[in-house]
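Colleague: my questions are about this predicted structure, shown below with the sequence.
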Amino acid sequence: MTLEQTLKQSTADIFKEEYGVDVPLDTVTINITKKEHEGDYTIVVFPLTKVSKKSPEQTAELLGAKLQEKSGIVGKFNVIKGFLNLSLTDAYWTNKLKEISGNAAYGTFPANHKKVVLEYCGPNTNKPLHIGHLRNVFLGFSMAEILKAAGYDVTKVNIYNDRGIAICKSMIAYTKFGNGATPQSTGIKGDHFVGDWYVTWNTKAKEELQTLTGLKGEFDEDQKMTSLFKETQEMLLKWEAGDPEVVALWEKMNSWVYEGFQQSFNLLGIDFQKDYYESKTYMLGKNIVEEGLQKNVFKKRADGAVIVDLTPDGLDEKVLLRPDGTSIYITQDLATAELRYKDFGMDKMIYVVANEQDYHFKVLKLALQKLGKKWADGIYHLSYALVESPTGRFKSREGKTADADDLAGEVLRIAEEKTKELGKIEGFTEEQAQQLYKTIGLGALKYFVLRVNPYKKIIFNPEESIDFHGQTGPFIQYTHARVCAIMRKAGDVAITGFENLATLAPVERELVIHISEYENTIRSAADKYDPSEVASYVYTLAKLYNKFYHELPILNAATDAEKNFRIGLSKQTGIMLKKAMKLLGIDVPEKM
RNA sequence: GGCUCCGUAGUACAAUGGAUAGUAUUAGGGUUUCCGAAGCCCUCGAUUCAGGUUCGAUUCCUGACGGAGCUACCA
């Protein structure tokens, strides 16, 4: 039972005894006491006055006195207006720290035997990763770590959108203008190489369109009249027909892209247990559509298109299959979802996809539920808002600022610069130094993205956003390095129990309390699918530690009992910093 | 037009319906005879507007005003 539950239960028991009324536990609200008041936890008694029929102050006084008398852990209390501030005994907190430090698995919940499949990344193979993918992969990776800590059995999967008109554009441009160049011959990273041909295609199509019409119309529509587009479309048909030459080229170019992606994934520190390819699943949807028709869940429209009527659910009629019988995006996704269920039998299926597709995922879930698939109840769309530049949405045409590799390179460069200026890396080999720049640079980038609630859009200004001061990854990493320095200096002092400690300083209590809140944070972040709660937690922890560090001597503490306790507290803080940052996919260095 | 999401200091973010709305950054000031100054301490500064529900509203409801997304037989 957690402390919160204990206090709630005791409160309910006391009310039962005093007033003979059962108080539902959720009417008892307990918060961490605000800084300006004395106390650790606060019970808000306003809702309880209905039962006690007394003033908030009287109610609180009585409750406080009874809790102090019966709980055994409440040392003192005070009442301000309707707020009952409880201070737990020092013994309670020292025991708590002892208990936590003795449990290496603290913060990891026992296996709940629920399977989660988490899809993230989902790149197109015709262009490199951009800043939107960064938010996606950082969120996805972190969410997977958090769910694992919360006891779930998580499998991360990727889906490659590796077919369609877009990749054919790259292929056509390469065929016509490539002269046999390769990533190896040019030294260009594979995904960028193929992406460059996609850009070339657009440039050439624009030129052709200009000579054709002399106008700068709506490119997206008008490009269809160019010969280049017609060639591209022919290539797509050939690909679909399995033309060996086209398929061979497609395989070759995609292999370049995958090689490039893999480099990015390695740098970013993300991974997948299974890859899905749109080219292998795009024609699988027919069966599920047929099933829907038989179950009378889907209907055939007069023109032959298959639709699902979602108007009773407040949505529209949604087409699932074209009149000519070919499938569309949603058809594939229905089939892919079922395929995943066959592969994994998961309890939850999480899609990490931008909020542009909110509607799509509502349709997907509803359609599967209407088909009677129980597992569809476990579908969750982890929707996140777009990353925008200060001038609006990042467009892939807008240039280099939005490119993921460039951005990562930029933060690594800044990390190197800062480290050379401020770092304590005497004796590092070049390799260790490079590794450190990576740790710090990516730490800054990941933390910057993950500290924001996923549904809120992020304004990203490449020049200003990557900071190393304040609420940032490097600040937390620095704090960890500081703890490590203390531990090195402390040597192998055996940390014993904390029984001999007389009293705790306020900042020591705050630290222990915050450490004891870790499991609540994990639980909440997992339930809400929100890594930003962990980001916020770990920042507060680092800040508290720095405050503690400045206020109190650790190695030079006045008594052995204090020194022993403070070293133990430092050690545990270091462990918690590392654990929490790991859940964000961020490493922490021992020196920086 | 309809639907969804978002509006908090100059800027970027917090706040299960709870106390005097927190934190970072910017600007200004202080702090290395003492464990790492990428730190710590101090000062300035905000809930878009109008109603409603409530003992209590940044939070919930209604409306207005701003911003974004969706409303594709594209993915």
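Modeller: Yes, it's here. Numbers count the residues shown, from 1 in each chain, chains lettered A, B, ... in the order given.
Colleague: point to the residue nearest the middle of chain A.
Modeller: Geometric centre of chain A, nearest residue: A:Leu139, 2.4 Å, by C-alpha atoms, centre = their mean.
Colleague: for RNA strand B, what is the nearest residue in the stretch 51-200 of chain A?
Modeller: RNA strand B sits closest to A:Phe83 of the stretch 51-200 of chain A, with a gap of 3.5 Å, by C-beta to the nearest atom of the strand. Using the backbone N, CA and C atoms, a C-beta is placed for each residue, glycine as well.
Colleague: contacting residues for the closest residue to that residue other than its chain neighbours?
Modeller: Leaving aside its chain neighbours, A:Phe83 sits nearest to A:Thr42 (5.2 Å; criterion: C-beta to C-beta, 6 or more residues apart in numbering). Neighbour list for A:Thr42: A:30-34, A:83-86 [criterion: C-beta atoms under 8 Å, 6 or more residues apart in numbering].
Colleague: which other helices and strands contact the helix or strand harbouring A:Phe548?
Modeller: Using DSSP states H and E, A:Phe548 sits in helix A:532-551. Here helix A:532-551 touches helix A:430-450, helix A:473-490, helix A:506-516, helix A:518-528, helix A:560-583, going by 3 or more C-beta pairs under 8 Å, 6 or more residues apart in numbering; DSSP states H and E.
Colleague: out of those helices, flag the one nearest A:Asp343.
Modeller: helix A:518-528 (23.1 Å; C-beta to C-beta).
Colleague: for the residue in chain A that RNA strand B sits nearest to, phi and psi?
Modeller: Using C-beta to the nearest atom of the strand, the single residue of chain A nearest to RNA strand B is A:Gly470, 2.2 Å away. Note on A:Gly470: backbone dihedrals following degrees, to the nearest 10 are phi 80, psi -150.
Colleague: what do you get for A:Lys34?
Modeller: The phi/psi pair for A:Lys34 (degrees, to the nearest 10) reads phi -70, psi 150.
Colleague: residue contacts, it?
Modeller: Shown in contact with A:Lys34 (C-beta under 8 Å, 6+ apart): A:Thr42.
Colleague: distance of it from A:Lys81?
Modeller: Distance, A:Lys34 to A:Lys81, by C-beta to C-beta, to the nearest Å: 12 Å.
Colleague: thinking again about what came up before, in JSON lines, list the helices and strands packed on helix A:532-551 along with mean neighbour count and mean pLDDT.
Modeller: Shown next, in JSON lines, are the helices and strands packed on helix A:532-551 (neighbours: other C-beta atoms under 10 Å; pLDDT from 0 to 100):
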{"stretch": "helix A:430-450", "mean neighbour count": "21", "mean pLDDT": "96"}
{"stretch": "helix A:473-490", "mean neighbour count": "20", "mean pLDDT": "96"}
{"stretch": "helix A:506-516", "mean neighbour count": "20", "mean pLDDT": "95"}
{"stretch": "helix A:518-528", "mean neighbour count": "18", "mean pLDDT": "95"}
{"stretch": "helix A:560-583", "mean neighbour count": "21", "mean pLDDT": "96"}
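Colleague: picking up where we left off before, the residue of chain A closest to RNA strand B - how many residues pack around it?
Modeller: By the criterion of other C-beta atoms under 10 Å, A:Gly470 has 9 neighbours.
Colleague: before we move on, what about A:Lys148?
Modeller: The local packing of A:Lys148 (other C-beta under 10 Å) involves 17 other residues.
Colleague: and the residue nearest to it when sequence neighbours are not counted, bridged to which residues?
Modeller: Setting aside the residues directly before and after it, A:Lys148 is nearest to A:Val154 in space (C-beta to C-beta, 6+ apart), at 5.2 Å. Under the criterion DSSP bridges, A:Val154 forms beta bridges with A:Val116.
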